[in-house]
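Participant: quick one: sequence plus predicted model below, questions after.
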Amino acid sequence: MNPFSLVESRVSLLRLPLKRPFTTALGTKTQTVNAVVQVRLASGARGRGEASSSVVWAALTPSRLAAALRTLGRRFHGRDARGLSEEAFAAVRHAAPAASAFECALAEATARAEGISMWSRFGGARIRLRTDLTLSAQGSREAREAARAARREGFRTLKVKVGTGGPAADFARVTAAHRAGGAPRLLLDGNQKLGVTGALRLVDRCLSRGIRAVLLEQPVPADDFSGLIACARRCPIPVAADESLRSVEDARRFADAGVKVAFNVKVAKTGMERSLLIASLAKAAGFPLMIGCMQESAAGLDASFALAAGTGWFRFVDLDSDHLLAGGPAGSFRRDGPLLRLS
């Protein structure tokens, strides 16, 4: 039998509480329930993938993600596990996180069957990354406490959720994080709710007060391509596309627009192979790169860590989901506060 043939696929649900409620402009979560797929090849090599449920994809419940993973397991049983990425995304077209999780599981298993790691397959450029820590869109008092805790743990970059509570509440939250965090670098994440005018006003106000805002993420709705381009053209700091960056075609559209836009690449959205292609397009265009996550466990971040550390291309690292969770399975890296080091 072909040693790369898929002979087993098992799906389960992983329920993990968050250390504290997590609020964005799109909603609040107190726990994450992720669909996990574990595969085995004829060689005995195993792989794991994890699809995180999210308020961004409210219709993709954990049960639907699990059902999509089971569909993929049946469809590809007995097939050579190599080169199935595009077929997986086509088979569950409306469940991209499930297709990505399945692709990650197959990639890990095939790498093990070949005697290499996913990290080395991506180039093995770096053995460690330094990530930011995300502060929930809560009150300024909660932001102050969270920033102080992050400072004690060694975080030098904080991502602050904005776009909720109005301009005054946003600025108060950002100011609290700036002061309590010891003037860290700040990434401002609008989660589609700021609008162009509101986003530019917030950035200008921050910079005029000496706040080290270094990135503005997704200030406009996902489908507002022209709004994001207009914001990027006028903003004094890089503007990142997150929810607006859902495919290789989206990446090409931004690359052709003639305005520099940062790409927030998330394996959960676009899978490993597509994410690598999107990152390659950004690198060729001279666009800043960010590696992001949903609410995966440490094990669920393995593919994202491998991509970012393996290529060494990413200026902004937002791989903090495991740190926000109360427990979960370990990954291929060790965490020491903001430092992620290859095990």
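Facilitator: Cool, got the structure. Computed from a prediction, not measured in an experiment: that's the story for all the values here. Numbers count the residues shown, from 1 in each chain.

Participant: tell me the spacing between Leu216 and Arg315.
Facilitator: Plainly put, Leu216 is 14 Å away from Arg315 if you go by C-beta to C-beta, to the nearest Å. C-beta: built from backbone N, CA, C; applies to glycine.

Participant: tell me the pLDDT of Ala25.
Facilitator: The per-residue pLDDT reported for Ala25 equals 66.

Participant: so what's Asn191 up against?
Facilitator: Listed by C-beta atoms under 8 Å, 6 or more residues apart in numbering, the contact set of Asn191 reads Thr24, Ala25, Leu26, Lys161, Gly163, Gln218, Glu243.

Participant: make it 10 Å
Facilitator: 24-27, 55-56, 137, 161-164, 217-219, 222, 242-243 (C-beta atoms under 10 Å, 6 or more residues apart in numbering).

Participant: for it, helix, strand, or coil?
Facilitator: Secondary structure of Asn191, reduced to three states by DSSP: H, G, I helix; E, B strand; the rest coil: coil.

Participant: any idea how far it is from Arg148?
Facilitator: Relative to Arg148, Asn191 is positioned 24 Å away (criterion: C-beta to C-beta).

Participant: how is this structure partitioned into domains?
Facilitator: The chain breaks down into these domains under automatic domain parsing: 6-116, 120-342.

Participant: out of those domains, name the one with the poorest average pLDDT.
Facilitator: Confidence, taken as mean pLDDT, is least for domain 6-116 of the domains of the chain (a mean of 93).

Participant: which residue ranges of the chain form helices?
Facilitator: Taking DSSP state H as the criterion, the chain carries its helices at 62-75, 85-91, 96-114, 118-121, 140-152, 167-180, 196-208, 225-234, 248-255, 267-285, 302-311, 321-324.

Participant: rebuild the ones you listed as a markdown table, extending it with mean neighbour count and distance to Ala35.
Facilitator: As requested, these are arranged in a markdown table below (neighbours: other C-beta atoms under 10 Å; distance: least, C-beta to C-beta, whole Å):
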| stretch | mean neighbour count | distance to Ala35 |
| --- | --- | --- |
| helix 62-75 | 20 | 4 |
| helix 85-91 | 17 | 14 |
| helix 96-114 | 26 | 7 |
| helix 118-121 | 20 | 20 |
| helix 140-152 | 19 | 29 |
| helix 167-180 | 20 | 32 |
| helix 196-208 | 18 | 34 |
| helix 225-234 | 19 | 30 |
| helix 248-255 | 18 | 24 |
| helix 267-285 | 21 | 11 |
| helix 302-311 | 26 | 15 |
| helix 321-324 | 22 | 15 |
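
Participant: got these as a markdown table, with distance to Pro3 columns?
Facilitator: Supplementary listing: those in a markdown table, determined by distance: least, C-beta to C-beta, whole Å:
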| stretch | distance to Pro3 |
| --- | --- |
| helix 62-75 | 19 |
| helix 85-91 | 19 |
| helix 96-114 | 6 |
| helix 118-121 | 17 |
| helix 140-152 | 46 |
| helix 167-180 | 51 |
| helix 196-208 | 52 |
| helix 225-234 | 45 |
| helix 248-255 | 31 |
| helix 267-285 | 21 |
| helix 302-311 | 22 |
| helix 321-324 | 32 |
